[in-house]
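*Asks:* Provided below are the primary sequence and the corresponding predicted coordinates.
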Amino acid sequence: MCGIVAYIGKKEAYPIVVKGLKRLEYRGYDSAGVALLDQGTINLYKRQGKVANLEAFTEGKNINGHAGIGHTRWATHGLPNDVNAHPHTSTDGKIALIHNGIIENYGPLKEELMSRGYEFKSETDTEVLVHLIDDIQKNENVSIAEAVRLALHSVVGAYAIVVLSKENPNQLVAARKSSPLVVGIGKDGDFFLASDATPIIEYTKRVVYLEDEEIAVVDLNDGLKIFNIGNQEVTPYVQQLEMQLEALEKGGYEHFMMKEIYEQPRSITDCFRGRMNAAEGWVTLGGIKEYEQKIINAPRIIMIACGTSWHACLVGEYLIEDLARINVEVEYASEFRYRNPIINENDVILAVSQSGETADTMAALELAKSKGATILGICNVVGSSISRITDAGSYTHAGPEIGVASTKAFTAQVTVLTLMALSLAHKKGSISETKFHTLLTELEAIPEKVQRILEKNTHIESIASVYKDATNALYLGRGSSFPVALEGALKLKEISYIHAEGYPAAEMKHGPIALIDEEMPVFVIATKGTSYEKVVSNIQEVKARKGKIIAIVTEGDTQVRDLADHIIEIPETDEHLVPLLATIPLQLLSYHIAVMRNCNVDQPRNLAKSVTVE
Ligand code: F6R
């Protein structure tokens, strides 16, 4: 939540910072602002709303400066208006600061600063930081970097900050704790700072991911220096980015979400490439290989995640319990961390997160780590906080996901969890060789089957047009199609603002059935498998109450075809792999319904992609 970006060098900072803000807009779009240092003055431009509003505001203005900081906000403290927009400045305008995170003790800090004469312009928690740094610098007569370091000693909470000081025109000071921050080392002695690498990638591939409680000073004369909060210098670990610029662009699609839905044949392939071979009969997840025996011996695996990633965990639970016969519990990270959970040293905690930055998931992992459990991660964003604090893990390799609603990250998470279940089951001997080979062969065929579903887009769009004005929707599924139903409902509600609920199909008669009337679309995953006949009965129950049935069925199905109002056929596959296919038409349905309702598909209201506040 909130994106920060900064530049210092020989080029004009404004175009670089604004372009970077657009790349980071998925992290929040309540307001945008920049501060630029031009001939000894810090100039501030801030606007409520999207970066486009800021651009409209600055159009025609002569904006110059070789050093600039920018921010795109997801509001936590204070309304999303111009005043609360970042950057925030010291009273004398000599220091400007951008911040991603939450200063939890901002109340007492603010009182203390007010009692000493500081006046606050905004309602934000961030403004305390800039006054605190200013106060320390003046009273202690120290450098701006030292003032930042001392100020951070008084701060409780999460932060990624960048500070611009007019007295140090060749320098930016940055720091992080629990919120991400990347330093890009430019080719011309210039530097970039950002919440993730996406604003940096087109200028340099050499980056340093800051660790918690590290302070980076980028100086046009002295280069990059990193200190920990105890003031010891740390040697920067420079990494080479592998991301490609094209991955950050829409590539001819109207929305990132559609591009990302269509990328799934490739992203699923990328996810299992080099990790399995059906012909040779092997599967391996290099990242966790050395922990496999520990997982097999563990009394239980506790999976923790939020949102869509939590749904992927539920699919993983079905797969790992069924195939590897290991006890799995799935927890919402936000609940787990606060309910004094019982965690033992032998437990294995597996966090699943697209961004690798979700605050609740991070905190739950830290809690588990403090209790001595083994902590593992499945993340998409390389170098993210979760991937760095875990003992081991596997990347999903889905490539950058820019649309706020998660699509390809979900199928990649499910793919990694499938590989994990198969690998554990094979090692443990809980799966027959025949079944193991069948599943590997079927998994290899999934990308091509996803492609075939994508080719039904026009049919799916026509179904969407029938239900675009619905006010409620139900999603039903059994077994591992239940999490698919949850995910379908989440996708619809978050981008089209239609109220939707996912239920295990059999639970419908314990309450939700009361909602069914001729206005209610009911999306049912009714593919061939163990529960097929039961789901058919559930469909009958809906039809008896005049509900509208949109069924996802296996190719060639005739029974449900006769009952349903609409069917979407998906290719046949092993029951364990159905979630990877059944999800695709639900993503497309939500997408088209949202587009038909004129909703902002890529940036739905009130949401942000990387939820770095709890
Ligand atoms: C929904 C969505 C969210 C995320 C959730 C967790 O489409 O994207 O529900 O899944 O915020 O985020 P990560 O996976 O980054 O931890």
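*Replies:* Received it, and whenever you're ready, just let me know what you need.

*Asks:* how about the residues of the stretch 251-400 of the chain that lie near the ligand?
*Replies:* Proximity of the stretch 251-400 of the chain to the ligand is confined to 306-309, 353-355, 358, 361 under the rule Cβ under 6 Å from any ligand atom. For every residue, glycine as well, the C-beta is placed using N, CA and C.

*Asks:* from those, which ones fall inside strands?
*Replies:* With strands identified by DSSP state E, the entries of these that belong to them are Ser353.

*Asks:* highest neighbour count among the residues of the stretch 251-400 of the chain next to the ligand?
*Replies:* Greatest neighbour count in these, by other Cβ atoms under 10 Å, goes to Ser353: 33 neighbours.

*Asks:* contacts only, for the nearest residue to Leu79 once chain neighbours are set aside.
*Replies:* Spatial nearest neighbour of Leu79, excluding adjacent residues (Cβ to Cβ, 6 or more residues apart in numbering): Glu123 at 7.0 Å. Listed by Cβ atoms under 8 Å, 6 or more residues apart in numbering, the contact set of Glu123 reads 77-79, 83-84.

*Asks:* now render those as a markdown table, adding neighbour count and pLDDT.
*Replies:* Putting the contacts of Glu123 into a markdown table (neighbours: other Cβ atoms under 10 Å; pLDDT from 0 to 100) gives the following:
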| residue | neighbour count | pLDDT |
| --- | --- | --- |
| His77 | 15 | 83 |
| Gly78 | 17 | 84 |
| Leu79 | 14 | 87 |
| Val83 | 15 | 90 |
| Asn84 | 24 | 91 |
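
*Asks:* for those, which one is nearest the ligand?
*Replies:* For the ligand, the nearest member of these is His77. The distance, counting by Cβ to the nearest ligand atom, is 20.2 Å.

*Asks:* how far away is the closest one from Glu104?
*Replies:* Separation of His77 from Glu104 (Cβ to Cβ, to the nearest Å) stands at 11 Å.

*Asks:* what sits against whichever residue of the stretch 401-550 of the chain sits closest to the ligand?
*Replies:* Distance from the ligand to each residue of the stretch 401-550 of the chain (Cβ to the nearest ligand atom) is smallest for Ser406, at 3.4 Å. With Cβ under 8 Å, 6+ apart as the criterion, the residues that contact Ser406 are 307-309, 354.

*Asks:* kindly report the same for Ala216.
*Replies:* Contact analysis of Ala216 by Cβ under 8 Å, 6+ apart lists 173-175, 181, 183, 193, 208, 210, 224-226.

*Asks:* what about the residues of the stretch 251-400 of the chain next to the ligand, which are in helices?
*Replies:* Under the assignment DSSP state H, these contribute 307-309, 361 to helices.

*Asks:* in the residues you listed, find the pair that's most separated.
*Replies:* With distance counted by Cβ to Cβ, no two of those lie farther apart than Thr308 and Thr361, which are 12.3 Å apart.

*Asks:* tell me the secondary structure at Leu164.
*Replies:* Three-state call for Leu164 (DSSP: H, G, I helix; E, B strand; the rest coil): strand.

*Asks:* how much space between Lys509 and Glu123?
*Replies:* Distance from Lys509 to Glu123, counting by Cβ to Cβ: 48 Å.

*Asks:* go ahead and confirm Phe256 touches Gly403.
*Replies:* Yes - counting by Cβ atoms under 8 Å, Phe256 does reach Gly403; the two are 4.0 Å apart.

*Asks:* please list the residues of the protein that sit near the ligand.
*Replies:* Within the chain, the positions adjacent to the ligand are 306-309, 353-355, 358, 361, 405-406, 490, 494, 611 by Cβ under 6 Å from any ligand atom.

*Asks:* show me how this protein divides into domains.
*Replies:* 3-247, 250-452, 456-601 (automatic domain parsing).

*Asks:* same list, those, but as a markdown table with distance to Leu607 please.
*Replies:* Shown next, in a markdown table, are these (distance: least, Cβ to Cβ, whole Å):
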| stretch | distance to Leu607 |
| --- | --- |
| domain 3-247 | 8 |
| domain 250-452 | 5 |
| domain 456-601 | 6 |
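
*Asks:* what is the nearest of the ones in helices among the residues of the stretch 251-400 of the chain next to the ligand to Val234?
*Replies:* Thr361 (25.9 Å).

*Asks:* next, count neighbours for the spatially closest residue to that closest one that is not a sequence neighbour.
*Replies:* Closest residue to Thr361 in three dimensions, ignoring its sequence neighbours and counting by Cβ to Cβ, 6+ apart: Ala333, at 4.2 Å. Burial of Ala333, expressed as a neighbour count using other Cβ under 10 Å, amounts to 27.

*Asks:* next one: Ser115
*Replies:* 8.

*Asks:* cool, the one 4 residues further on as well?
*Replies:* Summarising burial for Glu119: neighbours were counted as other Cβ under 10 Å, giving 9.

*Asks:* okay, the spatially most central residue of the chain: pLDDT?
*Replies:* Averaging the C-alpha coordinates of the chain gives a centre point, and the residue nearest to it by Cα atoms, centre = their mean is Ser355 (3.5 Å). Each residue has a pLDDT score; the one for Ser355 is 94.

*Asks:* tell me how far the residue of the stretch 401-550 of the chain closest to the ligand lies from Leu581.
*Replies:* Counting by Cβ to Cβ, the gap from Ser406 to Leu581 is 17 Å.

*Asks:* tell me the SS of the residue in the stretch 151-300 of the chain that the ligand sits nearest to?
*Replies:* Checking the stretch 151-300 of the chain residue by residue against the ligand with Cβ to the nearest ligand atom singles out Met257 as nearest, at 9.5 Å. Secondary structure assignment for Met257 (three-state DSSP): helix.

*Asks:* what's near enough to touch it?
*Replies:* When the contact criterion is Cβ under 8 Å, 6+ apart, the partners of Met257 are 403, 405, 407, 495, 591, 601-602.

*Asks:* Ala194 now?
*Replies:* For Ala194, the contact set (Cβ under 8 Å, 6+ apart) comprises 3-6, 20, 24, 181-182, 184, 200.

*Asks:* pick out the residue of the chain closest to the ligand.
*Replies:* Closest approach of the chain to the ligand (Cβ to the nearest ligand atom) occurs at Gly307, with a separation of 1.9 Å.

*Asks:* tell me if Gly189 really is in a helix.
*Replies:* No - with three-state DSSP as the criterion, Gly189 is coil rather than part of a helix.

*Asks:* Val536: neighbour count?
*Replies:* 17.

*Asks:* please begin residue numbering at 439 from this point
*Replies:* Fine by me, first position is 439 from now on; the one you just mentioned is Val974.

*Asks:* gap between Glu561 and Ile442?
*Replies:* Following Cβ to Cβ, the distance that separates Glu561 from Ile442 is 19 Å.

*Asks:* and for Arg704?
*Replies:* Arg704 is 31 Å from Ile442, by Cβ to Cβ.

*Asks:* buried subset of the contacts of Ala654?
*Replies:* When those are checked for burial by 16 or more other Cβ atoms under 10 Å, the buried set is 611-613, 619, 621, 631, 646, 648, 664.

*Asks:* show me which pair in those is furthest apart.
*Replies:* For those, the maximum inter-member distance is 14.7 Å, found between Val611 and Val646 (Cβ to Cβ).

*Asks:* other SSEs contacting the helix or strand encompassing Pro546?
*Replies:* Assigned by DSSP states H and E, Pro546 falls within helix 544-553. Helices and strands in packing contact with helix 544-553 are listed as helix 564-578; criterion 3 or more Cβ pairs under 8 Å, 6 or more residues apart in numbering; DSSP states H and E.

*Asks:* how about residues contacting the helix it packs on?
*Replies:* Taking Cβ under 8 Å, 6+ apart as the criterion, the residues outside helix 564-578 that touch it are 515, 524, 526-530, 532-535, 537, 541, 544, 547-548, 551, 554, 556, 558-559, 580-582, 584-586, 588-589, 592-593, 597, 599, 601.

*Asks:* list only buried entries from those residues.
*Replies:* Applying 16+ other Cβ under 10 Å to those flags 524, 526-528, 532-535, 537, 541, 544, 547-548, 551, 556, 581-582, 584-586, 588-589, 593, 597, 599, 601 as buried.
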